[in-house]
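Participant: Have a look; sequence and predicted model below, questions after that.
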Amino acid sequence: KSENAGNADAAQAKTTLEYAPDQADQARRLADIMGLSGSALKPGESELNAQGLPTMTLILGKDFKGAGVKLDSSSVKTPDVEKSTADKVQCSG
């Protein structure tokens with residue numbers, strides 16, 4: 001489950017993923033899916049979400065090319081991903 005916690009404090013050149021020590025396996029799996037390098041992973045303290053579960057914090061940097069495009073990809077081809085906007089109500093089921 002994901003949620004948008006808002007904008008980062010400042011713009012970043014590179015995308016980073018901060019995770020709690022017990023989330024290392026999940027963080028590595030997400031990094032692999034996104035094409036994040038190992039240097040983008042930052043072990044740290046995890047905050048709790050509204051359900052009281054630990055969170056990972058993903059901050060998208062200027063290297064982010066778009067949904068579905070791996071960060072380590074040289075291609076900026078637009079992926080075939082269904083997009084939604086805040087003014088449109090959609091069911092995710």
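Facilitator: Structure's in. What do you need?

Participant: Nearest the geometric middle of the chain, what residue?
Facilitator: With distances taken as CA atoms, centre = their mean, Leu58 lies nearest the centre of the chain, 4.0 Å away.

Participant: can you confirm that one is in a helix?
Facilitator: No: when classified by DSSP: H, G, I helix; E, B strand; the rest coil, Leu58 is found to be strand rather than part of a helix.

Participant: I'd like to know how far it sits from Thr15.
Facilitator: Applying CB to CB, to the nearest Å, the value for Leu58 to Thr15 is 7 Å. From N, CA and C alone the C-beta is placed, and that goes for glycine too.

Participant: Could you find the closest non-adjacent residue to the residue nearest to the centre of the chain?
Facilitator: In space, and not counting its chain neighbours, Leu58 is closest to Leu17: 5.1 Å by CB to CB, 6 or more residues apart in numbering.

Participant: what's across from the one you found in the sheet?
Facilitator: In this structure, Leu17 bridges to Leu41, Leu58 when assessed by DSSP bridges.

Participant: Which residues are in contact with it?
Facilitator: 27, 30-31, 34, 36, 40-42, 56-59 (CB atoms under 8 Å, 6 or more residues apart in numbering).

Participant: ok, now with 10 Å
Facilitator: 23, 26-28, 30-31, 34, 36, 40-42, 56-59 (CB atoms under 10 Å, 6 or more residues apart in numbering).

Participant: what's the answer for Ser73, then?
Facilitator: 35, 65.

Participant: Let me know the pLDDT of it.
Facilitator: Listed pLDDT for Ser73 reads 71.

Participant: Are any of the contacts of Leu17 buried, and if so which?
Facilitator: Among the contacts of Leu17, those buried by neighbour count (16 or more other CB atoms under 10 Å) are 23, 27, 30-31, 34, 36, 40-41, 56-59.
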